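Trainee: Below is the structure, and that's it, no one-letter string:
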């Protein structure tokens, strides 16, 4: 039994070692699960009782350690906006819940082994794992940060084929590679017939090497169509605690304008400011009368085609509870929604707003708010208001006066491949990611967040212009290369001529088809498993 725990710990270590931002280790993911598979096989082949409980335990330990070691920084981000005790509790959502669902996949694999062949059990396991990943990006406790396919973000040159599959193609590659290599190990151990052993080795080699060779070919031969636009991203480096406290919004805007003017040029099309750059709560209908809006328009008057995309904390007032997230102010008798939003300001009175849709559980929204409404006072977001932020249900694209479409992706939303692809379907020609990673501190979280943006560039073949309050701001080309980047916790601005793109990749057209197919497969295997259990009991 001790050996099985050691194997589980080895898998946890290998998974962590392969995970971003550690460079040049991503291929370890193709072998990282082999020790855990061996531990599971040892338990299945043993004479011990309660095998399912043992498999559940070792898998849970493995994945809890891996998740916690890779995303320890989640606690920092939560503790920045809520008490320590509450941050510790909510941290368990990403630390423990994902590990629980991963362990469940291995436990169900064991149950399938009891009622069907090993091959079909493997197929079921793959469907169940990918099904868990899709669930974990779709419900109120969504946190798809640790989807296996994200593990190639640092080594983006290995997965240029994500333009066809998205990150779920990477998850599929990792799972099947581990299974094939594990079966090769068993073939040697059990002295499988030589011819069958050779066939297995050849199939494994082809399955592992073909995607690498294909990706290398695409990476070397991919050429962007020349369609330039000059973009500026600004990193003001304002301490998050000062941002919503001692430093006024007008002072922050002046700092952003100064940095923008220092690098902008006559043909600059877009200036990109980070999440909540305009941090004073602003009523959207009256924003044109706001002194900050007037000052920004004065700045834009110097740029003929200039547009500004900025993060803004805004709100809308209603005379009734028009939305599920509307809050009631008993003193004034009004209803209102608070938004973590983006705004497009141009050289006219026209304004475009986008309200962040993918909200952070606990910090920006109360999970399962209808069922758990009594917990709302516990979940305090920026500025101390209780309740969930308002949101919109689908992405919307910002269009400049010259007709350029930009995808205003806000922070956490950048880890949803299909959601970002929906912007592209609405004719976004490049992606902006505005974020405020300062809450996380100088941890690997900020680096992972940057690396994941490379995957969105590959999936959509769009440039990414990333503006982060305290870093890391960057430009990423259509192959996922980071062309320019700033340093962490230092003010600065970057300008870049990017190439706009209007073509749709296969992934943009079809989205997470691998995951959706796996979900259907999961339901089929679960029904089969339930029928088999009932038959045994009958």
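Mentor: Looks like it came in fine. The structure displayed is predicted, hence computed values, not measured ones.
Trainee: Kindly provide the distance from the residue nearest the centre of the chain to residue 20.
Mentor: In the chain, the residue lying closest to the centroid (CA atoms, centre = their mean) is residue 415, at 1.8 Å. Per CB to CB, to the nearest Å, residue 415 is found 12 Å from residue 20. Quick note: C-beta positions are derived from backbone N, CA and C, even for glycine.
Trainee: need the helices for the stretch 201-350 of the chain, in chain order.
Mentor: With DSSP state H, counting those that start in this stretch, the ranges of helices along the stretch 201-350 of the chain come out as 240-243, 249-261, 291-300.
Trainee: quick one, phi psi at residue 192?
Mentor: In this entry, residue 192 is assigned phi and psi values of phi -60, psi 150 (degrees, to the nearest 10).
Trainee: got a list of what it touches?
Mentor: Taking CB atoms under 8 Å, 6 or more residues apart in numbering, we find residue 192 in contact with 186, 200.
Trainee: ok, back up a step: does the residue nearest to the centre of the chain really touch residue 145, like I thought?
Mentor: Yes: with contact defined as CB atoms under 8 Å, residue 415 and residue 145 form a contacting pair (5.9 Å).
Trainee: any weak-confidence spans in this structure?
Mentor: Along the chain, the parts satisfying pLDDT under 70 run over 369-387, 538.
Trainee: if you set the cut-off to 50 instead, what comes out?
Mentor: Applying pLDDT under 50 to the chain picks out residues 374, 378-385.
Trainee: can you pull out the strands in it?
Mentor: Per DSSP state E, the chain carries strands over the ranges 228-235, 268-272, 278-283, 307-318, 327-329, 334-346, 351-355, 398-399, 405-410, 430-435, 464-468, 474-476, 482-485, 492-499.
Trainee: Residue 224 against residue 481, yeah?
Mentor: No: look at residue 224 against residue 481 with CB under 8 Å: they stay out of range, at 10.9 Å.
Trainee: burial measure for residue 185, as a count.
Mentor: Burial measure for residue 185: 15 neighbouring residues, criterion other CB atoms under 10 Å.
Trainee: same question, the one 4 residues further on
Mentor: Per other CB under 10 Å, the neighbour tally for residue 189 reads 10.
Trainee: what about it, distance to residue 147?
Mentor: Residue 189 is 31 Å from residue 147, by CB to CB.
Trainee: same thing with residue 63?
Mentor: From residue 63 to residue 147 the distance is 13 Å (CB to CB).
Trainee: And for residue 433?
Mentor: 18 Å.
Trainee: One more: residue 479?
Mentor: Distance of residue 479 to residue 147, computed by CB to CB: 21 Å.
Trainee: cool, and residue 398?
Mentor: Using CB to CB, residue 398 is found at 28 Å from residue 147.
Trainee: Equivalent analysis for residue 534, please.
Mentor: Look at residue 534 and residue 147: by CB to CB, they are 33 Å apart.
Trainee: Neighbour count for these two, which is higher?
Mentor: residue 147 (25 against 9).
Trainee: Tell me which residues touch that one, please.
Mentor: By CB under 8 Å, 6+ apart, the neighbours of residue 147 are 133, 136, 137, 167, 168, 171.
Trainee: from those residues, which ones fall inside helices?
Mentor: Among these, the members found in helices (DSSP state H) are 133, 167, 168, 171.
Trainee: and of the residues you listed, the nearest to residue 472?
Mentor: The nearest member of the ones in helices among the contacts of residue 147 to residue 472, counting by CB to CB, is residue 167 at 20.8 Å.
Trainee: Verify the stated contact: the closest one with residue 146.
Mentor: No: Residue 167 is not in contact with residue 146 according to CB under 8 Å; the separation is 11.1 Å.
Trainee: So between these two, which is more surrounded?
Mentor: residue 167 (32 against 22).
Trainee: count of residues packed around the closest residue to that one other than its chain neighbours?
Mentor: Residue nearest to residue 167 in three dimensions, not counting chain neighbours: residue 149, with 3.1 Å by CB to CB, 6 or more residues apart in numbering. Residues near residue 149, counting by other CB under 10 Å, number 26.
Trainee: doesn't residue 161 make contact with residue 149?
Mentor: No: using CB under 8 Å, residue 149 is not in contact with residue 161, being 11.3 Å away.
Trainee: Could I get the buried residue list for stretch 505-520?
Mentor: Across stretch 505-520, burial judged by 16 or more other CB atoms under 10 Å covers 505, 507, 508, 510, 511, 512, 513, 514, 515, 516, 518, 519.
Trainee: likewise stretch 351-368?
Mentor: 352-367.
Trainee: Tell me the one of those residues nearest residue 451?
Mentor: Among those, residue 358 lies closest to residue 451 (CB to CB), at 18.3 Å.
Trainee: coming back round to it: which of the helices of the stretch 201-350 of the chain has the highest mean neighbour count?
Mentor: When these are scored by mean count of other CB atoms under 10 Å, the highest mean neighbour count falls to helix 249-261 (a mean of 19).
Trainee: what's that one packed up against?
Mentor: strand 228-235, strand 278-283, helix 291-300, strand 492-499 (3 or more CB pairs under 8 Å, 6 or more residues apart in numbering; DSSP states H and E).
Trainee: could the ones you listed go into TSV alongside distance to residue 85?
Mentor: Shown next, in TSV, are the helices and strands packed on helix 249-261 (distance: least, CB to CB, whole Å):
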stretch	distance to residue 85
strand 228-235	33
strand 278-283	27
helix 291-300	36
strand 492-499	37
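Trainee: Which of these sits closest to residue 255?
Mentor: Nearest of these to residue 255, taken as CB to CB: strand 228-235 at 9.1 Å.
Trainee: Sheet-wise, list the partners of the closest one with their directions.
Mentor: Strand 228-235 has its sheet partners listed here by DSSP bridges as strand 268-272 (parallel), strand 492-499 (antiparallel).
Trainee: quick one, the last one and strand 430-435 angle?
Mentor: Between the axis of strand 492-499 and that of strand 430-435 there is an angle of 160 degrees, by axes from the mean of the first three to the mean of the last three CA atoms, to 10 degrees.
Trainee: could you give the angle of strand 492-499 to helix 249-261?
Mentor: With the same axes, to 10 degrees applied, the angle from strand 492-499 to helix 249-261 works out at 50 degrees.
Trainee: Could you do the shortest one as well?
Mentor: Our comparison of strand 268-272 with helix 249-261, counting by the same axes, to 10 degrees, yields an angle of 140 degrees.
Trainee: Now do strand 268-272: distance to the chain's middle.
Mentor: Using CA atoms, centre = their mean, to the nearest Å, the mean C-alpha position of strand 268-272 is found 25 Å from that of the whole chain.
Trainee: Just give the nearest non-adjacent residue to residue 280, would you?
Mentor: Leaving aside its sequence neighbours, residue 280 sits nearest to residue 249 (CB to CB, 6+ apart; 3.8 Å).
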